[in-house]
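> for reference, the sequence and a predicted model appear below.
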Amino acid sequence: MSFIVSRNFLFSLADTDNDFGPGFVVVAKSESGDESFEPTTLSRDNTPRAARQYAVQQVHIGKKKGIQGHHNSCYMDSLFYSLFLFSDALDSICKIDLCKNVDIRNSSAFEMQNNLLTLIVNPLRGENCFMPAGNVMRLRKQLETFLPGVLKEEKDAEELLAVLFSKNFVGGDGHPPLLHLRNVMLEEDQDLFVYQVFVEPENEEAYAKMQKSIPCVRNILAQSFVLQGQFFRQNPTCFLIQLPRFGKEKVFPGIFLPTEIDISNISLSSPQKCSICSVAAAKLRCKSCSLSRSERVMGARKNFSIFQYCEQCFDVIHKSKKNHVKDEIPTGEQSLNGFKYILDSVICIKTSHYVSFARTKLNSPEAFPRMKC
C-alpha cells in the first residue's frame, strides 16, 4: 500500500488492452542557478509529441532531468509534469487547432498556447526529458495579465488550471468542460473542470475520528456524490479530483490511492440495481442510509456502499424510517466511455513545497514506493 497526502490527482480512462503496473516518480529538479536557465529555441512543430507511455528510462533520472525550478515555480512545475509527461489526457489544452478563428492566431491566447506546447510539453517529452526554468518563466510572464503575482508568488495549482482552461488561454469560448454532472437535489446540470470532494462529518466525534483515519479515495468520492446529490450524466474521458481541506488544515492525515477506480455506481450511464432485491432497477437513492454508515468505512481496505432501492423495497425498508432523505435516480443515456479509470498522477504538498507523482510502467510491485509527503 502507498499512502500519499494528496490534493489533486488525475484519473484517465482505462485502456483494457494494456496492463500497467503501479508506480510513482517524483519530479526531478535541477539547481535553480544552473547555466541552462535560458529558454530553449522555439520549435516549428505545432503538434504535441507522444507521451512517454509510462516507461521510466535512464532519460528521466539524474541531473538536468524534469523541470528546473525558479522563483516559487514548484506548483506550476508539478502541474505540468503531472499533466503532460506520461499522460496525453489533456493534450487538448495545447493543441493549436483548438483555435478555430483565424483572428485568434494573432492573439496572446495563441502565443501562450504555442509556448506551452513548444517550450514545455514537447521538451519535457523529448530525448533529454529536461525543461529549463527559462521556458516556464516565458509563459509566466504571459500569464501575469490573467494571474497577477504569478512571476514571483506561489499560487494554488487549481488557480493555474482555471487559467489554462479559460478563453484567455485556449481562445474561443474556452476549453469544453471535462465533467458533466446531474445534481438531483438542485435539479440542474453541472459542468466542471475539476471535481471538489466534500465530506461532512455528522458530529465532533465523527470529525475527530476522520482526522485520524486514512480513507480510500474511492470511498470519499462516492460519499461526496451522495452528499451533494450528484451523478455523472456522461462518463468523462479524464477525471481531475481535488481532495477536501479546510483552509490550510488537512482533513485526513493521508489518503489511500488505488491505481484504478470504477464510477459505475455514480454514473447514470450504468443501470443501477436495487440494493435489496438486486433484480429491479433502482429508482431511489437514500442519502440517510448511505451516510449513516460512512464513518465505518474510513479505513483504506473497506468499501463504501451506496444504498439505492426500487420503489417497493424502499417502502419496505423505510416503514420506520420516515425521516430519511432520498434522491430520485434520473434515467441516463449510454456512454461512449467506460466506467474504469486508471490513476495517472498526483500533486501533493510537502510542507510548503509542491511535489508530483506520475504513474509508470514497472515490472515489479515492489517498485511501488511507500512514502508519505
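Perfect, I can see it now. Residues are numbered from 1 along each chain as shown.

> mind showing which ranges of the stretch 51-200 of the chain have poor pLDDT?
Applying pLDDT under 70 to the stretch 51-200 of the chain picks out residues 51-61, 96-106.

> can you show me the helices along it?
With DSSP state H, counting those that start in this stretch, the ranges of helices along the stretch 51-200 of the chain come out as 74-84, 108-115, 122-124, 133-143, 157-165, 167-170.

> counting contacts, what elements does the shortest one pack onto?
Contact partners of helix 122-124 among helices and strands, from 3 or more Cβ pairs under 8 Å, 6 or more residues apart in numbering; DSSP states H and E: helix 74-84, strand 130-131. (Each C-beta comes from the backbone N, C-alpha and C, glycine too.)

> helix, strand, or coil at residue 341?
Using DSSP: H, G, I helix; E, B strand; the rest coil, the structure places residue 341 in strand.

> could you find the closest non-adjacent residue to the residue most central in space within the chain?
For the chain, the residue sitting closest to the mean C-alpha position, by Cα atoms, centre = their mean, is residue 240 at 2.3 Å. Using Cβ to Cβ, 6 or more residues apart in numbering and skipping residues adjacent in sequence, the residue nearest residue 240 is residue 194, 4.4 Å away.

> span of stretch 243-252 from start to end?
End-to-end distance for stretch 243-252, by Cα to Cα, to the nearest Å: 10 Å.

> next: stretch 225-238.
The first residue of stretch 225-238 is 17 Å away from its last residue (Cα to Cα).

> and stretch 111-119, by the same measure?
Across stretch 111-119, first to last residue, Cα to Cα, it's 11 Å.

> run the chain-centre distance for it.
Here stretch 111-119 is found 23 Å from its chain centre; the criterion is Cα atoms, centre = their mean, to the nearest Å.

> picking up where we left off before, next, format the helices and strands packed on helix 122-124 as a markdown table and append distance to residue 204 and mean neighbour count.
Putting those into a markdown table (distance: least, Cβ to Cβ, whole Å; neighbours: other Cβ atoms under 10 Å) gives the following:
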| stretch | distance to residue 204 | mean neighbour count |
| --- | --- | --- |
| helix 74-84 | 33 | 25 |
| strand 130-131 | 47 | 26 |
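
> out of these, nearest to residue 116?
Nearest of those to residue 116, taken as Cβ to Cβ: helix 74-84 at 8.3 Å.

> check which helices and strands the closest one sits against.
For helix 74-84, the contact count by 3+ Cβ pairs under 8 Å, 6+ apart identifies strand 8-13, strand 66-67, helix 122-124, helix 133-143, helix 157-165, strand 340-350, strand 353-359 as packing neighbours.

> quick one: the ones you listed as CSV, columns for distance to residue 204 and mean neighbour count too.
Formatted as CSV, the helices and strands packed on helix 74-84 follow (distance: least, Cβ to Cβ, whole Å; neighbours: other Cβ under 10 Å):
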stretch, distance to residue 204, mean neighbour count
strand 8-13, 28, 22
strand 66-67, 43, 26
helix 122-124, 46, 21
helix 133-143, 42, 20
helix 157-165, 29, 18
strand 340-350, 26, 22
strand 353-359, 32, 24
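
> could these go into JSON lines alongside distance to residue 309?
Shown next, in JSON lines, are the helices and strands packed on helix 74-84 (distance: least, Cβ to Cβ, whole Å):
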{"stretch": "strand 8-13", "distance to residue 309": "29"}
{"stretch": "strand 66-67", "distance to residue 309": "50"}
{"stretch": "helix 122-124", "distance to residue 309": "49"}
{"stretch": "helix 133-143", "distance to residue 309": "50"}
{"stretch": "helix 157-165", "distance to residue 309": "37"}
{"stretch": "strand 340-350", "distance to residue 309": "25"}
{"stretch": "strand 353-359", "distance to residue 309": "37"}
